[in-house]
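Engineer: Quick one, fold the following:
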Amino acid sequence: MNHSVRKFFAAAALLACLPFMPELAAAMPAASLPDFTDLVDKVGPAVVNIRTTAHVSSAGPQRALPPGTDEGDMSEFFRRFFGIPLPQAPNGQNGQNGQNTPRGGQNDGGNGGNQDGPDSDSEQNAGVGSGFIVSQDGYVMTNAHVVDDADTIYVTLTDKREFKAKLIGSDDRTDVAIVKINASNLPTVTIGDSNKVRVGEWVVAIGSPFGLDNTVTAGIVSAKGRDTGDYLPFIQTDVAVNPGNSGGPLIDMQGQVIGINSQIYSRTGGFMGISFAIPIDEAMRVAEQLKATGRVVRGRIAVAIGQVTKDVADSLGLPKAEGALVSNVESGGPADKAGVQPGDIILKFNGAPVDTDTDLPRMVGDTKPGTRTTVTVWRKGQSMDLPITVAETPSEKTAKTGDHEAPSAKPQPRNPLGVTVSEIPADQRKSLKLKGGVQVETVEGPAARVGLQKGDIILRIGDTDIGSAKDFQQAVAHLDPQKTVAVLVRRGENTQFVPMRPRVAMAQK
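Structural biologist: This is a model prediction of the structure:
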């Protein structure tokens, strides 16, 4: 058969197939893509919408957010990825008469449109998020920042039943919270194993982005163990997650929850292809403690640590860059008593290798206080094992709970910055070479969102130098909730300005 004849038969065969090409093209992609319908039918009924309200004075101007936008999400977004609070909008741009409009067309919790007098308190929508039911008797898991500062929490099921929920406990460090509704025989999710998650596998998110209930989005796992500077290593995905998705489940193809959608990376405030979820294994450990005691207990060894770079490793004779470099040891703390010194590199904790400096806080935090174990340190060209007894992290002794009736509950700061302070002892002031300042004792609300911690020293608020606790109280009493204020904070040897957005002052309960 010559070349011309072969070309003729090839052309004829191609022409014969042309009528069937559209059907083949349509069928082939459909066969290779996953079908999420059964998965959504299985998990969807256990995913809930969470709406929060707060009592605020109707006399003050309200904050501006798009309808259905979760202020908690946006505050977290600006704090975690820009280091600044949620910006304020100009007066009169918040909807009618400067008031927040109801989210997603829903009512605002039965407050009659906020028609109270100018000096009275009224219930305002504070945010909207997502959650999922973990037990038939009404325990719901969500993000801590979804219910942060809420006076009332409403949980709406897919069958449109709405319940007023009780906050069992929340943990800011992991951003996990548990709430309880008074119901029974509820649909529940199946908890998976986040350790078995594989990069590249398909995953699904269900939640209420911008107040749009039961929205389903899908994508793949982009990375595991992603450190963003927080306590937990996150699951990174390209699943579309937007404000309002926070607290909703991340689901694998077996219909099991493998994470809680918590954060996004964005330069615009909207989804840009990168989202982060809290691994469900870590979240469940926190949830069990919250359910049992309403608080989370973590271990500490009282050291400040930093990264071990290749240059540091080479200069110290360490075979490779690993471990956590000790920069400071708290006097009288567990590490000090064990003989750990500044300049040591912690290579192992309780026999497990410390690959990076971010591994150590999680390993120590997951250890029960009182546990006797060992740390392996690298010092002067050799490794040594030091016995150590893990202590309890003081700042974690009291997690936030929703039981406001408990007489022993420690009062929380209610000033616009969410901070309580104390005077700095004269000897400490002298050793730190300070002329003024006050020491932070407790943080919540705005202060917690920008990362203030117990022990920080506030030197100035705006243009006002702070020399005493009285100066602090006078300064915060005159803050404008519509304006961001720069707070000069010292932590250790570092001093920097932290922009904060004061909240509208709320009356003592």
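Engineer: Quick check: the gap between residue 195 and residue 464.
Structural biologist: Using Cβ to Cβ, to the nearest Å, residue 195 is found at 50 Å from residue 464. C-beta: built from backbone N, CA, C; applies to glycine.
Engineer: who's more crowded, those two?
Structural biologist: residue 464 (15 against 10; other Cβ atoms under 10 Å).
Engineer: Would you mind measuring from the residue lying closest to the more buried one once chain neighbours are set aside to residue 498?
Structural biologist: Spatial nearest neighbour of residue 464, excluding adjacent residues (Cβ to Cβ, 6 or more residues apart in numbering): residue 475 at 4.8 Å. The gap separating residue 475 from residue 498 is 15 Å, by Cβ to Cβ.
Engineer: ok, residue 330 - contacts?
Structural biologist: Residues in contact with residue 330 (Cβ atoms under 8 Å, 6 or more residues apart in numbering) are 302-303, 336.
Engineer: Looks to me like the residue nearest to residue 464 is in a strand.
Structural biologist: No. Per DSSP: H, G, I helix; E, B strand; the rest coil, residue 475 lies outside any strand segment and is helix.
Engineer: from now on call the first residue 41
Structural biologist: All right, first residue 41 from here; so that's residue 515.
Engineer: Can you give me the domain assignment for this protein?
Structural biologist: The record's domain parsing of the chain by automatic domain parsing lists 83-220, 231-333, 339-432, 453-540.
Engineer: Which one, of those domains, ends up nearest to residue 76?
Structural biologist: For the domains of the chain, the distance to residue 76 is smallest for domain 231-333, at 5.6 Å, taking Cβ to Cβ.
Engineer: Pull out the buried positions in stretch 189-198.
Structural biologist: Neighbour-count burial for stretch 189-198 flags 189-191, 193-197 (criterion: 16 or more other Cβ atoms under 10 Å).
Engineer: Rebuild the residues you listed as CSV, extending it with pLDDT.
Structural biologist: Output for the buried residues of stretch 189-198, formatted as CSV (pLDDT from 0 to 100):
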residue, pLDDT
189, 82
190, 87
191, 89
193, 94
194, 94
195, 95
196, 94
197, 95
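Engineer: could you measure the spatially closest residue to residue 253 that is not a sequence neighbour against residue 247, distance?
Structural biologist: Among residues not flanking residue 253 along the chain, residue 89 sits closest, at 4.9 Å (Cβ to Cβ, 6+ apart). As defined by Cβ to Cβ, residue 89 lies at a distance of 8 Å from residue 247.
Engineer: what's near enough to touch residue 182?
Structural biologist: Contacts of residue 182 (Cβ under 8 Å, 6+ apart): 90, 169-172, 217-219, 286-287, 300.
Engineer: Now with 6 Å, please.
Structural biologist: Neighbour list for residue 182: 90, 171, 217, 287 [criterion: Cβ atoms under 6 Å, 6 or more residues apart in numbering].
Engineer: Quick check: the farthest pair among the residues you listed?
Structural biologist: 90 and 217 (9.5 Å).
Engineer: more neighbours, the two?
Structural biologist: residue 217 (35 against 30).
Engineer: show me where pLDDT drops low in the stretch 441-549 of the chain?
Structural biologist: The stretch 441-549 of the chain contains residues with pLDDT under 70 at 441-454, 537, 544-549.
Engineer: residue ranges for the strands of it, please.
Structural biologist: 459-463, 478-483, 497-501, 504-505, 525-531, 534-540 (DSSP state E, counting those that start in this stretch).
Engineer: Tell me which of those sits nearest to residue 206.
Structural biologist: Per Cβ to Cβ, nearest to residue 206 of the strands of the stretch 441-549 of the chain: strand 478-483, 22.7 Å.
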